[in-house]
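In: predicted model follows, preceded by the sequence.
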Amino acid sequence: MMRLSRYGGNPNIAVYAAANESFAFISPDATEEFVKDVESALDVKAFLTTLSGSFVVGSLVAMNSHGAVVSGLAESQEISVIKGCLPVALLPGRHNAAGNNILVNDNGAIVNPDLTALDIKAIEKVLKVPCVKSTVGGTNTVGSSAKVTNKGGICHPNTTDEELEILQNVLKVEIRRTTLNHGASFVGSCVLTNSKGAVVGDLTTPIEMGRLEDALDLI
């Protein structure tokens, strides 16, 4: 199932929420309609929480079916919400926005090249997948430049052939270049998705929706 939605007045919905195959974590100031869109389209249970006292939950958490990585600045009560669903690892240091810096499914993870060896060890342990450093579309914030499920994925339209080969070899799914939200290149910020459905920013054009549907194998 696919749904068009927005978070308040913002079509970059994945900045404020994150999802895997079973759960979604959404900023607590989300509307009831937005929460229902996510739960129904992705067939998940939603939990409302801030992270690091912030509403940009999607930028601060990366997760797959095995675990979650969250900002090292997250507070104990916020971590407890996620720990009720999944094992959690904290990402310390300057590059602690896990959602922006990690692109992951149940097969592998692409991470910001600036992350340390200790960071990567912690990520691999909780997500139970191998991590490979790479850029996407020439940017280090791989989580905002691409989105992937266990069935397919999309990436920044400027992703090089070399970057695309790395993505597909590590994540083990076909990934296609596209835009969302009427030409936005940072597609990871525009869509919440898993293998069952997608919620995409409501500026997304019919052509972009068709590309997304094909890439994620949601037909």
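Out: Noted; the coordinates are in hand.
In: is Thr159 in contact with Arg177, as I believe?
Out: Yes - with contact defined as CB atoms under 8 Å, Thr159 reaches Arg177; the gap is 5.5 Å. (Each C-beta comes from the backbone N, C-alpha and C, glycine too.)
In: looking at these two, which is more packed in?
Out: Taking other CB atoms under 10 Å, Thr159 and Arg177 do not tie; Thr159 has more neighbours (24 against 18).
In: which residues touch the more buried one?
Out: Val136, Gly137, Ser145, Ala146, Leu167, Arg177 (CB atoms under 8 Å, 6 or more residues apart in numbering).
In: narrow those to those in helices?
Out: When the contacts of Thr159 are checked against helices (DSSP state H), the matches are Ser145, Leu167.
In: what about Leu118, which SS state?
Out: Of the three states, Leu118 takes helix under DSSP: H, G, I helix; E, B strand; the rest coil.
In: now the helices: where do they sit in this structure?
Out: For the chain, applying DSSP H gives helices covering 32-42, 57-60, 76-83, 98-101, 117-127, 142-145, 161-171, 206-215.
In: now do the end-to-end distance for stretch 97-115.
Out: One end of stretch 97-115 sits 11 Å from the other (CA to CA, to the nearest Å).
In: buried residues in that stretch?
Out: Neighbour-count burial for stretch 97-115, counted by 16 or more other CB atoms under 10 Å, picks out 97-106, 108-112, 115.
In: now do Ser65 against Ser195, distance only.
Out: According to CB to CB, to the nearest Å, Ser65 stands 10 Å off from Ser195.
In: same deal with Glu213?
Out: The spacing between Glu213 and Ser195, counted by CB to CB, is 13 Å.
In: neighbour count for the two, which is higher?
Out: Ranked by neighbour count (other CB under 10 Å), Glu213 and Ser195 place Ser195 first, with 19 against 15.
In: wait, the more buried one sits on Gly153?
Out: No - the pair Ser195 / Gly153 is not scored as a contact, 11.1 Å apart, by CB under 8 Å.
In: which residues do these two both contact?
Out: Counting by CB under 8 Å, 6+ apart, the contacts common to Ser195 and Gly153 are Leu216.
In: coming back round to it: out of the helices of the chain, flag the one nearest Val15.
Out: Closest to Val15 of the helices of the chain is helix 57-60 (CB to CB; 5.1 Å).
In: for the closest one, what is the average pLDDT?
Out: Across helix 57-60, pLDDT averages out at 98.
In: ok, now stretch 10-26?
Out: 98.
In: next one: it to chain centre, how far?
Out: Centroid separation for stretch 10-26 versus its chain: 7 Å, with CA atoms, centre = their mean, to the nearest Å.
In: ends of that stretch, how far apart?
Out: First-to-last residue span, stretch 10-26, CA to CA: 14 Å.
In: now do the buried residues in it.
Out: Judged by neighbour count using 16+ other CB under 10 Å, the buried positions of stretch 10-26 are 11-21, 23-26.
In: same question, stretch 131-148
Out: Going by neighbour count (16+ other CB under 10 Å), the buried part of stretch 131-148 is 131-132, 134-137, 139-148.
In: just the residues contacting stretch 24-32, thanks.
Out: Outside stretch 24-32, the residues that touch it by CB under 8 Å, 6+ apart are 7-8, 16-19, 34-35, 38-39, 42, 44-51, 55-57, 61, 81-82, 192.
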